[in-house]
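>>> Provided below for reference: sequence and predicted model.
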Amino acid sequence: MSDHKINNRPTSPHLQIYRWNISSITSIMHRLTGVALYFSILAIAWFIVYYTYNIGSISEKENCECLTMTIINTLFYGAIIAITFSLYYHFCNGIRHLFWDIGKGFDLKKAKLNSYLVIITSLLLTIATIATTIYLKIF
Amino acid sequence: MKKIEIAPSTKTGFHHWLSQRVSAVALIPLIIWLVLSLVEIALDPEGYLPVFFAYPFNAFMAILLFSTSFYHGSLGMRVIIEDYVTNKAKVHFYIMLINFISITTATAVIIAILKLHLIN
């Protein structure tokens, strides 16, 4: 807050001021997933660069039964699920924002209804994706 | 009451707003392509992944996806920085940093995809 006093400029009101409701939750989740997706696409991009210039060394898999690898793998799969959800959520809510921009679904009742719709759709898509991946790996 | 100093408009807001929406619309088919091709990869990871970028359409769509998402991402990060960073000098620094990271990463990944496309 010291910066604020020096600059004396108003900023966007911070989150802790407001009472939580569904529209504020969808809005802040859109921002959070957006930031998460930005950092994950950075990681994916640099991984592709690494893969391109290290094709020989990346195929030599080291099978280690130690605890650290298990923890890293669990975190990795957790991150993948989180990124998948972020992608679907940002995609669905982004489409909702585009509809708002052309003036559709912006009244209070509809906006409330389709925010639940967005959350449920993105959750279902995430579950469907994980289920498909598990199904394809087993068979 | 104390008078609040309002920063003058730079008149670039509308262009930013429109660019964000246009890139969002462009990303819709690209994300659908991404999800469908990830399912295709999951069907046969060992066989398909090494030659994925050898297909011209895949390389084409991947380059479009990365460039559009870095553009859309840097516009979005700019809004977040402007909203939550109070120091004006810091705002400019972080926006420049985000743009720098986005442009360098996009360039690097496009070169890598072109290399994977040509060697396969």
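Everything's here; your move.
>>> by contact count, what packs against the helix or strand hosting residue A:77?
In the assignment (DSSP states H and E), residue A:77 maps to helix A:67-101. For helix A:67-101, the packing partners by 3 or more Cβ pairs under 8 Å, 6 or more residues apart in numbering or on different chains; DSSP states H and E come out as helix A:22-53, helix A:108-138, helix B:13-43. Yep, even glycine has a C-beta here, placed from its N, CA and C like the rest.
>>> help me confirm that residue A:115 comes into contact with residue A:28.
No. Using Cβ atoms under 8 Å, residue A:115 is not in contact with residue A:28, being 11.9 Å away.
>>> between those two, tell me which one has more neighbours.
residue A:115 (21 against 13; other Cβ atoms under 10 Å in any protein chain shown).
>>> between the helices and strands packed on helix A:67-101, which one is nearest to residue B:93?
With respect to residue B:93, and counting by Cβ to Cβ, the nearest of the helices and strands packed on helix A:67-101 is helix A:22-53 at 17.5 Å.
>>> so is the lowest-mean-pLDDT helix or strand in chain B next to chain A?
Across the helices and strands of chain B, mean confidence by mean pLDDT, DSSP states H and E is lowest for helix B:45-48: a mean of 80. No. Between helix B:45-48 and chain A, judged by Cβ under 8 Å from any Cβ of the partner chain, nothing touches; the nearest distance is 9.0 Å.
>>> any idea how far that helix is from the chain center?
Mean-position distance between helix B:45-48 and its chain equals 27 Å (Cα atoms, centre = their mean, to the nearest Å).
>>> which SSE is immediately downstream of it?
helix B:56-84.
>>> from chain A, how far off is the spatially most central residue of chain B?
Nearest residue to the geometric centre of chain B (Cα atoms, centre = their mean): residue B:70, 1.5 Å. As defined by Cβ to the nearest Cβ, to the nearest Å, residue B:70 lies at a distance of 7 Å from chain A.
>>> show me the contacts for that residue.
Listed by Cβ atoms under 8 Å, 6 or more residues apart in numbering or on different chains, the contact set of residue B:70 reads A:41, B:102, B:103, B:105, B:106.
>>> just these: which are in helices?
A:41, B:102, B:103, B:105, B:106 (DSSP state H).
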